[in-house]
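Participant: pasting the sequence and the predicted coordinates here, then a few questions.
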Amino acid sequence: MARMNAKQAPELLSEFPVVLEIPVAWGEMDAMGHVNNAVYLRWFECARMEYFSRIGWEVPPRAGGPGPILAKTNCVFKLPISYPDSIWVGARCDSPETDRFTMHYRVVSKAHQAVAAEGEGRLICFDYATQSKAPLPASLRQTMLELEAGEYRANLES
């Protein structure tokens, strides 16, 4: 899995501040000869974890503080991917609220140079110590907004 900056990512992912390149593994294909549907959700998860890493959100939270929990997710498949190929998967977040946010994902096939899938996930800020919803820390929300605005991207590229 390779971490990329905005200059390396394809145009189809230009609005995604976090982009990873992941090789397709032979074992990810199903009996129909294309990547199994569940693998796309794993690719989304990889991009989501990289996003959290870039904003400094420790997952899982070591001190028992607030962390993200996935409330729902979906995936719209646009074209099948087969081995051999590599994909780029992008993650972005819009309008973080006081205790939740939505992440958007896009998977692009390198071989086809086309969007293979898009999806989103609704995440809730969750206090794992008390097992209840928690407010999204203001500093974390601010870092998310800065990443989305490109302020962090410029630093990663230099």
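Facilitator: Now that the structure is in, tell me what you want to look at.
Participant: C-alpha from now on. contacts and neighbour counts both.
Facilitator: Noted.
Participant: contacting residues around stretch 33-50?
Facilitator: 18-20, 28-30, 59, 75, 80-83, 89-91, 103, 105, 107, 117 (Cα atoms under 8 Å, 6 or more residues apart in numbering).
Participant: for that stretch, buried residues please.
Facilitator: Judged by neighbour count using 16 or more other Cα atoms under 10 Å, the buried positions of stretch 33-50 are 35-36, 40-41, 43-48, 50.
Participant: output stretch 87-102 as CSV, restricted to C-alpha atoms.
Facilitator: C-alpha atoms of stretch 87-102 as CSV (Å, rounded to 0.1, in the frame of the first residue of the first chain):
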residue,chain,number,x,y,z
ILE,A,87,-6.4,0.6,-7.5
TRP,A,88,-6.3,4.1,-6.0
VAL,A,89,-8.7,4.7,-3.2
GLY,A,90,-9.5,8.2,-2.0
ALA,A,91,-11.1,9.4,1.2
ARG,A,92,-12.6,12.8,2.0
CYS,A,93,-14.9,14.1,4.7
ASP,A,94,-17.6,16.8,4.4
SER,A,95,-19.1,19.0,7.1
PRO,A,96,-18.1,17.4,10.3
GLU,A,97,-20.8,17.9,12.9
THR,A,98,-20.6,18.1,16.7
ASP,A,99,-20.5,14.3,17.1
ARG,A,100,-20.5,12.8,13.6
PHE,A,101,-19.3,13.1,10.0
THR,A,102,-19.6,11.4,6.6
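Participant: skip ahead from the helix or strand harbouring Ile69 and say which helix or strand is next.
Facilitator: Assigned by DSSP states H and E, Ile69 belongs to strand 66-77. Remark: after strand 66-77, the chain's next helix or strand is strand 86-94, criterion DSSP H and E.
Participant: if anything else comes up later, I'll come back, but that's it for now.
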